[in-house]
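Chemist: What shape does this take:
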Amino acid sequence: MIHPYYSYRSLFPTLSTHLHLASCSQSALAEPISKAIEEYHNSLLSCGNNWNEAMKKVEETRKKFAEFIGAEPDEVAVLSSVSAAISAIATSLPYHQEKNKVLLSDIDFPTVGHIWLAQEPFKDNMSFIHSSNGIIHLEQYEKEVTNHTLLTSIPHVNYYNGFKQNLRAIADIIHRKGSLLFVDAYQSTGHIPINVKEMDIDILVTGTRKYMSGIPGVAFLYVKKELAGQLKPRVTGWLGQEKASAFDIHHPVFAAGTRRFERGTPSFISVYAAYEALKLLLEIDICNIELYLKELAQFTLDYGQEKGLHIIGPLSTENKTSLTSFYVENASKVEGLLREKNILVSARKDVIRIAPHFYNTKDEIQYTIKELAGLINGN
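Modeler: This next block holds a predicted model:
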């Protein structure tokens with residue numbers, strides 16, 4: 001397989017010493033992102049106070065992310081984590097006597113359930129769609145979403161096994177029944193194209209440290225313009241106000257659009273990194289990345305089965321991402337043993353996840369699978 005992004009590999013110093021196949025947890029760091037971190041640091045050293053410069057970078061990053069998902073800048077809030085973004089919605093969603101059900105799934109990342117179960121108005125009105133081998137079929141949404149469902153929360157991609165959901169098809173089903181669509185896109189943004197308008201997504205959350213190639217400290221919340229104005233945040237801050245610089249403690253007025261969900265000073269150093277990461281991904285083009293990773297995913301499936309490994313999750317690239325999970329009884333221990341060989345993968349429960357990005361090669365995957373098979377078989 002010809003590597004279409006070979007020239008970009010030199011931007012990732014880690015690749016010269018490690019096989020980095022853990023983008024589902026943390027992407028390798030590229031030099032432009034590293035330099036952006038240094039830029040923020042140096043501006044503090046040289047200026048002492050770089051507030052105006054840093055806030056300008058927040059706005060530039062907001063615009064870049066809006067472009068990335070086909071949204072408008074005022075539909076995007078810059079927050080500190082996906083957990084904070086989910087909490088922002090969970091604490092502001094109005095409770096209705098008739099439409100009061102929240103529907104989750106057992107393939108949601110645990111923090112999603114933790115946050116919703118902590119909400120007193122909704123905790124007794126929650127239900128879960130149960131997957132079959134980590135997969136949810138469209139018919140289940142037809143059955144489980146009712147006229148009483150206020151919000152349906154789904155992951156775009158199952159963090160455990162790479163199963164990818166058809167967001168547009170799900171949106172059509174649940175909107176027909178009057179439910180809002182909430183999408184956790186942490187495992188998809190950065191390597192799968194997302195257009196919130198074309199997919200008709202009401203609310204989307206994601207962060208930068210996985211496939212978006214950034215670092216911890218920045219997450220994005222998208223809320224459809226016509227919906228954002230109907231929500232009143234219960235957890236807020238001065239940057240979520242219409243005139244933050246007015247410093248008026250007595251008369252708070254929420255900012256227009258999704259900006260109202262912002263709180264206090266963001267992690268500027270992470271914002272600088274996020275801007276450069278988004279710039280890099282937009283330059284390469286997510287559609288191109290998706291096509292290349294589909295080839296890597298197919299190779300991972302084929303070679304993993306050839307080596308006798310037990311694959312957990314979809315066996316077709318039509319409904320999975322490049323993330324492939326292999327059953328390993330002592331997954332955490334094996335992850336550590338592979339790390340000792342400078343092979344970076346990611347363990348979850350009883351699986352080892354191999355999750356390449358655009359900078360990875362077929363040879364890296366082949367070598368990793370050989371080493372994994374050897375550890376499993378005691379060779």
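Chemist: For the rest of this, base every contact and every neighbour count on C-alpha atoms.
Modeler: Noted.
Chemist: State the distance from Ser132 to Gly313.
Modeler: From Ser132 across to Gly313, the span is 10 Å (CA to CA, to the nearest Å).
Chemist: which residues touch the closest residue to Glu364 other than its chain neighbours?
Modeler: Leaving aside its sequence neighbours, Glu364 sits nearest to Leu19 (CA to CA, 6 or more residues apart in numbering; 6.3 Å). By CA atoms under 8 Å, 6 or more residues apart in numbering, the contact list for Leu19 reads Asn342, Ile343, Leu344, Glu364, Thr368.
Chemist: okay, now the fourth one: neighbour count?
Modeler: Burial of Glu364, expressed as a neighbour count using other CA atoms under 10 Å, amounts to 15.
Chemist: same deal with the third one?
Modeler: Residues lying near Leu344 (other CA under 10 Å) number 24.
Chemist: For the closest residue to it other than its chain neighbours, list the residues it contacts.
Modeler: Using CA to CA, 6+ apart and skipping the chain neighbours, the partner closest in space to Leu344 is His20 (4.9 Å). Contact analysis of His20 by CA under 8 Å, 6+ apart lists Thr14, Ser27, Ala28, Ile343, Leu344, Val345, Pro356, Asn360.
Chemist: any idea which of the contacts of Leu19 is closest to Pro73?
Modeler: When these are ranked by distance to Pro73 (CA to CA), Leu344 comes first, at 35.4 Å.
Chemist: wait, doesn't the closest one sit right on Ala22?
Modeler: Yes - in this structure, Leu344 is within contact of Ala22 by CA atoms under 8 Å, at 5.9 Å.
Chemist: In TSV, list the contacts of Leu19 along with secondary structure, pLDDT and distance to Ile352.
Modeler: Listed next are these as TSV, based on DSSP: H, G, I helix; E, B strand; the rest coil; pLDDT from 0 to 100; distance: CA to CA, whole Å:
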residue	secondary structure	pLDDT	distance to Ile352
Asn342	coil	98	15
Ile343	strand	98	12
Leu344	strand	98	10
Glu364	helix	98	16
Thr368	helix	98	11
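Chemist: May I see the buried residues of the biggest helix by length in the chain?
Modeler: Ranked by residue count, the top helix of the chain under DSSP state H comes out as helix 286-306. Within helix 286-306, the residues that count as buried by 16 or more other CA atoms under 10 Å are 286, 289-290, 292-294, 296-301, 303-304.
Chemist: What strands line up against the following helix or strand past that helix, and which way round?
Modeler: Sequence-wise, the next helix or strand downstream of helix 286-306 (DSSP states H and E) is strand 311-312. Neighbouring strands of strand 311-312 in its sheet, by DSSP bridges, are strand 324-327 (antiparallel).
Chemist: rewinding a little: the buried residues of helix 286-306 into TSV, with extra columns for distance to Gly178 and pLDDT?
Modeler: Shown next, in TSV, are the buried residues of helix 286-306 (distance: CA to CA, whole Å; pLDDT from 0 to 100):
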residue	distance to Gly178	pLDDT
Ile286	31	96
Ile289	34	97
Glu290	32	97
Tyr292	37	97
Leu293	35	97
Lys294	34	97
Leu296	39	97
Ala297	36	98
Gln298	38	98
Phe299	41	98
Thr300	40	98
Leu301	39	98
Tyr303	44	98
Gly304	43	97
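Chemist: hmm, who's touching stretch 270-277?
Modeler: 32-34, 36-37, 40, 57-58, 60-61, 64, 208, 212-218.
Chemist: Which residue would you name as the spatial centre of this protein?
Modeler: With distances taken as CA atoms, centre = their mean, Tyr186 lies nearest the centre of the chain, 1.0 Å away.
Chemist: my guess is that one meets Thr206, correct?
Modeler: Yes - the criterion here is CA under 8 Å, and Tyr186 meets it with Thr206 at 4.4 Å.
Chemist: shared neighbours, these two?
Modeler: Val82.
Chemist: What are the neighbouring residues in contact with the nearest residue to Gly308 once chain neighbours are set aside?
Modeler: Closest residue to Gly308 apart from its sequence neighbours, by CA to CA, 6+ apart: Ala373 at 7.7 Å. Contacts for Ala373 were tallied using CA under 8 Å, 6+ apart; they are Lys307, Gly308, Leu309.
Chemist: Ser105 against Ile154, yeah?
Modeler: Yes - assessed by CA under 8 Å, Ser105 is found in contact with Ile154 at 6.7 Å.
Chemist: Name the residue in these two with the higher neighbour count.
Modeler: Remark: of Ser105 and Ile154, Ile154 carries more neighbours, 25 against 19, as counted by other CA under 10 Å.
Chemist: all helices for the chain, in order.
Modeler: 31-47, 51-69, 82-90, 110-117, 138-144, 167-176, 225-228, 268-284, 286-306, 331-340, 362-376.
Chemist: buried subset of the contacts of Ala373?
Modeler: Leu309.
Chemist: Tell me the one of the contacts of Ala373 nearest Lys123?
Modeler: Out of the contacts of Ala373, the member with the shortest distance to Lys123 (by CA to CA) is Leu309, at 40.0 Å.
Chemist: Run me through the strand neighbours of the longest strand anywhere in the chain, direction for each.
Modeler: The single longest strand within the chain, with elements called by DSSP state E, is strand 149-155. If you go by DSSP bridges, strand 149-155 pairs up with strand 101-105 (parallel), strand 180-184 (parallel).
Chemist: Let me know which of those is the nearest to Asn161.
Modeler: strand 101-105 (14.4 Å).
Chemist: Relative to the whole chain's centre, how far out is the closest one?
Modeler: Strand 101-105 has its C-alpha centroid displaced from the chain centroid by 19 Å (CA atoms, centre = their mean, to the nearest Å).
Chemist: Out of the strands paired with strand 149-155, which is closest to Ser267?
Modeler: Nearest of the strands paired with strand 149-155 (CA to CA): strand 180-184, 21.3 Å.
Chemist: Just list whatever residues bridge to the nearest residue to Tyr160 once chain neighbours are set aside.
Modeler: Closest residue to Tyr160 apart from its sequence neighbours, by CA to CA, 6+ apart: Arg348 at 6.7 Å. Taking DSSP bridges as the rule, Arg348 bridges to Val351.
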